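Peer 1: 3D, please:
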Amino acid sequence: MITVVVGGETVPVEITRSGARIRGKAGDASVDATLARSGDSWRLTLGDDVVTLTVIRERDAVWVAVDGEVYRCVAAGAASHGPAAGVHSPHVVAPMPGKVLEVRVQEGQAVAAGDPLVVLEAMKMEQVATADAAGRVVMVHVVAGAMVEPGQALVDLEFDAAP
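Peer 2: Numbering: from 1, shown residues only. Purely as a prediction, here's the structure:
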């Protein structure tokens, strides 16, 4: 069992999966569906309804885009603990479709953990892509004003060797 916060209210959620079959219960609501994945896209079939989701994993969170809305999902306590110890992605990617407002780094630049790299705007929200750990910018893939898709590369990093 996990809990999610929806509109400030904590809701208990139970999910079981057997192959493509998903059974879930959130509060008093139950769901029986099938799920199929293709890259970052998921197709959820609920009876006669089909919902397409885009799911992007980012360090300690998962971004889910569905029907023009974007949700950031974080495991309880993850926001305060940061990414899993020793697990860092050298590829910083767009968590959602949007517009690059600002690129704050350049190739060769040293960065510290948490430094802002790229500022994105999607659906009137700003999202700042940050460095997982201390390192150096190897490549910048975007420029201000560019439109990006979920999972598109923004910046590649090379991390400092562990002490």
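Peer 1: Against S18, how distant is V51?
Peer 2: 20 Å (CB to CB, to the nearest Å). (C-beta placed from N, C-alpha, C; glycine too.)
Peer 1: Looking at these two, which has the bigger crowd around it?
Peer 2: Remark: of V51 and S18, V51 carries more neighbours, 13 against 7, as counted by other CB atoms under 10 Å.
Peer 1: for V105, what are its contacts?
Peer 2: 111, 115, 117-118, 137, 140, 155 (CB atoms under 8 Å, 6 or more residues apart in numbering).
Peer 1: Between these, which sits nearest P95?
Peer 2: Nearest to P95 out of the contacts of V105 is V118 (CB to CB; 10.9 Å).
Peer 1: what about the closest one, neighbour count?
Peer 2: 25.
Peer 1: beta partners of it?
Peer 2: Per DSSP bridges, the residues bridged to V118 are V103, A129.
Peer 1: Over to V31?
Peer 2: Beta-bridge partners of V31, as defined by DSSP bridges: G24.
Peer 1: still on that earlier bit, and the contacts of V105, which is closest to V70?
Peer 2: Closest to V70, out of all of the contacts of V105 and judged by CB to CB, is V118, at 16.5 Å.
Peer 1: Mean pLDDT per helix and strand in the chain: which one sits at the bottom?
Peer 2: helix 78-81 (a mean of 44; mean pLDDT, DSSP states H and E).
Peer 1: What's the first helix or strand after that helix?
Peer 2: Downstream of helix 78-81, the next assigned helix or strand under DSSP states H and E is strand 91-93.
Peer 1: Can you tell me what sits against that next one?
Peer 2: Outside strand 91-93, the residues touching it (CB under 8 Å, 6+ apart) are 56, 58, 117-118, 129-132, 150-157.
Peer 1: How far away from the center of its chain is that strand?
Peer 2: 10 Å (CA atoms, centre = their mean, to the nearest Å).
Peer 1: Give me the average confidence score over it.
Peer 2: Averaged across strand 91-93, the pLDDT comes to 83.
Peer 1: any idea how far D28 lies from I15?
Peer 2: 15 Å.
Peer 1: out of the contacts of V105, who's nearest R43?
Peer 2: Closest to R43, out of all of the contacts of V105 and judged by CB to CB, is V118, at 29.4 Å.
Peer 1: ok now do the closest one, which residues does it touch?
Peer 2: Applying CB under 8 Å, 6+ apart as the definition, the contact partners of V118 turn out to be 92, 100, 102-105, 128-129, 142, 154-155.
Peer 1: Noted, bye for now.
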